[in-house]
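Visitor: I need the structure of the sequence given here:
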Amino acid sequence: MFYKDSHEIYRVPELAAFEWLAHGFGTRHAQLPAQLTTLKQIHSATCVFAEGRTGALGQGDALLDSTPGSTLAIKTADCLPILLVDERLRTVAAVHAGWRGTVAGIAQQAVAALGERFGSSPASMHAALGPAIGKCCYEVGPEVASHFGEQGRAHVDLVEANRRQLLAAGLPAAHIYTADLCTMCRPDEFHSYRRDREAAGRMYSFAGIRS
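Guide: Residues are numbered from 1 along each chain as shown. Got it, this is the predicted structure:
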């Protein structure tokens, strides 16, 4: 069960147990850490290695690092934020998974990239799937539904689709945590592009390695 702290940020108890890790899923009222590393998100399966840099690093939808002092962040307003954490090697990733990124396998790509660059094993990784538009509200047309094995108009479950991808990538089921918080249903806490369109702001979700 995720919990909200005094900074209006949702935390995961299992991840909070790692003293070296800074993490959270911001609400619309969140007080965020300084010096975040971000990307221009393009709904892709592109992974970018931060290498200790700060600021906006270019285009992509997953940031990865193993550098102490680095805090990686992605922005969402209905898409699914995913934080990946290797408890053994202390590597992290922040992943932005909209429907296009989900279809492209962005979560699996990030798991693989952590392994290839840093030697992280899926068996030692944890994944937290934060607030996103829920199946309750995410009705799509046939052109999107078909990518998820549905016909006609359908309600898509981004969280479940990504959870299955993470299981397929080798993460233990017990290491995958879901917020079960729908951004569209909770205007008091979350921005939602589908609800508010161009007026929607963005929430920041982050994972970092303390210095």
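
Visitor: Touching the longest helix anywhere in the chain from outside, list them.
Guide: The longest helix of the chain (DSSP state H) is helix 106-118. Here helix 106-118 makes contact (Cβ atoms under 8 Å, 6 or more residues apart in numbering) with 44-45, 47, 49, 61-62, 64, 66, 82, 84, 86, 89, 91, 93, 95-97, 120-122, 125, 127, 162, 165-166, 168-171. (Each C-beta comes from the backbone N, C-alpha and C, glycine too.)

Visitor: In contact with Ala30, which residues are there?
Guide: By Cβ under 8 Å, 6+ apart, the neighbours of Ala30 are His7, Glu8, Ile9, Gly24, Met203, Tyr204.

Visitor: Isn't the fourth one up against Arg11?
Guide: It refers to Gly24. Yes - the pair Gly24 / Arg11 is scored as a contact, 5.6 Å apart, by Cβ atoms under 8 Å.

Visitor: Spell out the secondary structure type for Glu143.
Guide: helix (DSSP: H, G, I helix; E, B strand; the rest coil).

Visitor: That one: how many residues sit nearby?
Guide: Neighbour count of Glu143, defined by other Cβ atoms under 10 Å: 7.

Visitor: try Pro187
Guide: 12.

Visitor: Name the nearest residue to it, sequence neighbours excluded.
Guide: Leaving aside its chain neighbours, Pro187 sits nearest to Arg195 (6.6 Å; criterion: Cβ to Cβ, 6 or more residues apart in numbering).

Visitor: So that neighbour belongs to a helix, correct?
Guide: Yes - assigned with three-state DSSP, Arg195 falls within a helix.

Visitor: Could you check how many residues crowd around it?
Guide: By other Cβ under 10 Å, the residues close to Arg195 number 18.

Visitor: That one contacts Met184, correct?
Guide: Yes - the pair Arg195 / Met184 is scored as a contact, 5.0 Å apart, by Cβ under 8 Å.

Visitor: circling back to that earlier point, make a PyMOL selection of whichever of the contacts of Ala30 turn out to be buried.
Guide: Buried subset of the contacts of Ala30, written as a PyMOL selection, criterion 16 or more other Cβ atoms under 10 Å:
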select buried, resi 9+24+203+204
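
Visitor: Now flag whichever of the contacts of Ala30 is closest to Asp78.
Guide: Comparing the contacts of Ala30 against Asp78 with Cβ to Cβ picks out Met203 as the nearest, at 9.8 Å.

Visitor: Contact partners for the closest one?
Guide: Met203 neighbours (Cβ under 8 Å, 6+ apart): 25-28, 30, 75-77, 81, 131, 183, 190-191.

Visitor: and stretch 50-60, how far from the chain's centre?
Guide: Here stretch 50-60 is found 16 Å from its chain centre; the criterion is Cα atoms, centre = their mean, to the nearest Å.
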